[in-house]
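1. predicted model and sequence follow; I will ask about them next.
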Amino acid sequence: MFRRQPRSALWDTVQTLVVAVVLALVIRTWLIEPFLVEGISMQNTLQNHERLLVDKLGLPFGPLHYGEIVIFQPPIPGQPLYVKRVIATGGQTISMVDGQVFVDGKKMPQPYLLRHGVSTEDQWNMPPTKVPKGDIYVLGDHRAVSRDSRYFGPVKTSAVKGVAFWVIWPLSQFGPLPTN
C-alpha cells in the first residue's frame, strides 16, 4: 500500500510565499500598479505625496479619452514618470485662448481647475495644433506650474504606463479619481 509522506510546514510555507510573490509580480506588471505623486502640477485634483492605483490592463484594449489621468514617460531624457490629464488624442486639434481649452473648435469643460474657490488655471494662448495619430496632448491641472505638452509637445501613447483611477493614500482622500 502506498503511504503519503507528511509534508513539512516549512515546505508549505515556502510554496505559499512563492505563489504570493508570483501573483504580486503578475498583478504589478500587467494589471495594477501603485504610483506616488511627486509635485504639485496636478493640484487641485491630486496632492503631493498621494498614492494612486494605476490600471495597466485596459491600456492596450481601448483608446485614451479626454479627462483621463495618465502616468507616462515624458519625451525628456532622464526624467521620472509624469502624471497629467489627457486633453486631446491623435487626430484632434487643440488650441488655447486665455487658458480655455478648445478641442476641434469646441470649448472643453475643465471643472478640475477650480476647487474650494481656488483656481489653478493660467492665461495660456496656443494656436490650433493637430495632435499626430498615436499621440496624446496632456496638461497638468495646476497649469501655472505644470511642465506638460505645452513645453515638450504631444506624448506617444506607447509611453503611457497606465491610467490612474483610485487614491489609496492618504486615507482621507481614499476613493475613485474624477475624470473630469
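-> Perfect, I can see it now. Numbers count the residues shown, from 1 in each chain.
2. scan the helices and strands of the protein for the one with the lowest mean pLDDT.
-> One helix or strand of the chain scores below all others by mean pLDDT, DSSP states H and E: strand 118-119, with a mean of 57.
3. now do the same for the residue nearest to the spatial centre of the chain: its pLDDT.
-> In the chain, the centroid-proximal residue (Cα atoms, centre = their mean) is Val70; its distance is 2.2 Å. Confidence at Val70, expressed as pLDDT, is 95.
4. now Thr120
-> Looking at Thr120, the pLDDT reads 64.
5. what residue ranges in the chain score low on pLDDT?
-> 1-7, 20-31, 59-61, 114-121, 179-180 (pLDDT under 70).
6. kindly list the longest strand within it.
-> strand 160-169 (DSSP state E).
7. now the terminal residues of stretch 133-144, how far apart.
-> End-to-end distance for stretch 133-144: 28 Å, by Cα to Cα, to the nearest Å.
8. what's the spacing between that stretch and its chain's center?
-> In this view, stretch 133-144 has its centroid 11 Å away from the chain centroid, taken as Cα atoms, centre = their mean, to the nearest Å.
9. same check, this time on stretch 162-180
-> Stretch 162-180 sits 10 Å away from the centroid of its parent chain (Cα atoms, centre = their mean).
10. contacts made by the following helix or strand past the longest strand of the chain with the rest, please.
-> Counting by DSSP states H and E, the next helix or strand C-terminal to strand 160-169 is strand 175-176. Residues from elsewhere that reach strand 175-176 (Cβ atoms under 8 Å, 6 or more residues apart in numbering): 165-167. In this view, the C-beta of every residue, glycine as well, is placed from N, C-alpha and C.
11. save the residues you listed as TSV, and put in neighbour count and distance to Gln92 too.
-> Shown next, in TSV, are the contacts of strand 175-176 (neighbours: other Cβ atoms under 10 Å; distance: Cβ to Cβ, whole Å):
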residue	neighbour count	distance to Gln92
Phe165	16	23
Trp166	15	27
Val167	21	28
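12. done for today, thanks.
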